[in-house]
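> my questions are about this predicted structure, shown below with the sequence.
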Amino acid sequence: MALRFETRASDSPWVDTVWTCTSGDVTSMTSVATVCWGLVFWQQDGIAYASISGPETRTGTAPVPEGATFVGIEFAVGTSLRAVRTPALVDRGAELPDVTHRAFWLDGSRWETPGPDDAEALVARLVRAGAVVRDPLVTDVRRGHRPALSARTVERRFQAATGLTQGAVRQIERARAASALLAAGNPVTDVVAKFDYFDEPHLGRALRRYVGRTAGQLRAGAGGAIALALDQPTTS
């Protein structure tokens, strides 16, 4: 069975997306660069697990537990855990202890393990308890506002909150958005123009660095399992 992610947007200002996934005989996948940190919950062989995932600055290969079901919460850029700041999570993650089917341990408290439909309810509780925080400056910058601060101060605050530069965030988000259009069958030339790449080789370099696929593979749904919600399942 192919590994396929299903992702939905969230109406919470603290959440970017909520995703689910079921793995079959897939044992590894291509990981894709992402600007978000997240919480991931999964079950395999009747055992529950949970972990914190960090932003990823480039593509790679990640193991996949066979026969597992996943629920993931991707948090908005600029948010952070009080106990583990986002820069410490870049290109790494952390397993959470004392996980059961009903609860997990985080920031000194036990929390109810969410399903895909009540992820925002968990996040709201984490926010009220102060376990999840954010830098409002990053939110303002992401909305296009210009704070009355020097560009250097803004960049320092942004990187302290996210672990990434503003430029890195733009490049990763652009490559992911381009991948979605390519997977939906859009011509490469149209994608190059839409996202202001210089030319097709420029797009190709970005895809190799951040997505681990060529434009042709994305359009054909080829290359194997990939950690990205696309309009078609991937095949080998």
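Received the coordinates, thanks.

> next, count neighbours for residue 141.
Burial of residue 141 is recorded as 21 neighbouring residues (other CB atoms under 10 Å). All C-beta atoms are positioned from the backbone trio N, CA, C, and that covers glycine.

> actually residue 44, not the one I wrote
Residue 44: 14 surrounding residues under other CB under 10 Å.

> now do the contacts for it.
65-68 (CB atoms under 8 Å, 6 or more residues apart in numbering).

> narrow those to those that are buried.
Among the contacts of residue 44, those scoring as buried are 65, 68 (criterion: 16 or more other CB atoms under 10 Å).

> with only the CA atoms kept, save the longest helix anywhere in the chain in PDB.
Longest helix in the chain, counting residues (DSSP state H): helix 166-183. The C-alpha trace of helix 166-183 is given here as PDB (Å, rounded to 0.1, in the frame of the first residue of the first chain):
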ATOM      1  CA  GLN A 166      13.300  34.700   6.600                       C
ATOM      2  CA  GLY A 167      15.000  33.800   3.400                       C
ATOM      3  CA  ALA A 168      15.100  30.100   4.300                       C
ATOM      4  CA  VAL A 169      11.400  30.100   5.100                       C
ATOM      5  CA  ARG A 170      10.600  31.700   1.800                       C
ATOM      6  CA  GLN A 171      12.700  29.300  -0.200                       C
ATOM      7  CA  ILE A 172      11.300  26.200   1.600                       C
ATOM      8  CA  GLU A 173       7.700  27.300   1.300                       C
ATOM      9  CA  ARG A 174       8.200  28.200  -2.400                       C
ATOM     10  CA  ALA A 175       9.600  24.800  -3.200                       C
ATOM     11  CA  ARG A 176       6.800  23.000  -1.400                       C
ATOM     12  CA  ALA A 177       4.100  25.100  -3.200                       C
ATOM     13  CA  ALA A 178       5.900  24.500  -6.500                       C
ATOM     14  CA  SER A 179       5.900  20.700  -5.800                       C
ATOM     15  CA  ALA A 180       2.100  20.700  -5.200                       C
ATOM     16  CA  LEU A 181       1.500  22.300  -8.500                       C
ATOM     17  CA  LEU A 182       3.800  20.000 -10.400                       C
ATOM     18  CA  ALA A 183       2.200  17.000  -8.800                       C
END
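
> pLDDT on it, on average?
Taken as a whole, helix 166-183 carries a mean pLDDT of 97.

> would you put the C-alpha positions of stretch 79-99 in CSV?
Output in CSV follows, covering the C-alpha atoms of stretch 79-99 (Å, rounded to 0.1, in the frame of the first residue of the first chain):
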residue,chain,number,x,y,z
THR,A,79,5.2,29.5,17.8
SER,A,80,7.3,27.6,20.1
LEU,A,81,7.2,25.2,23.0
ARG,A,82,8.0,26.8,26.4
ALA,A,83,10.1,23.8,27.4
VAL,A,84,11.9,23.3,24.1
ARG,A,85,12.5,26.4,21.9
THR,A,86,12.2,25.9,18.2
PRO,A,87,15.8,26.6,17.2
ALA,A,88,16.9,23.6,19.3
LEU,A,89,14.6,21.4,17.2
VAL,A,90,15.9,22.4,13.7
ASP,A,91,16.8,19.2,11.8
ARG,A,92,16.0,17.0,14.8
GLY,A,93,13.2,16.0,17.1
ALA,A,94,12.5,14.4,20.4
GLU,A,95,10.4,11.5,21.6
LEU,A,96,7.9,12.2,24.4
PRO,A,97,7.9,9.9,27.5
ASP,A,98,5.1,8.0,29.2
VAL,A,99,2.8,7.9,26.2
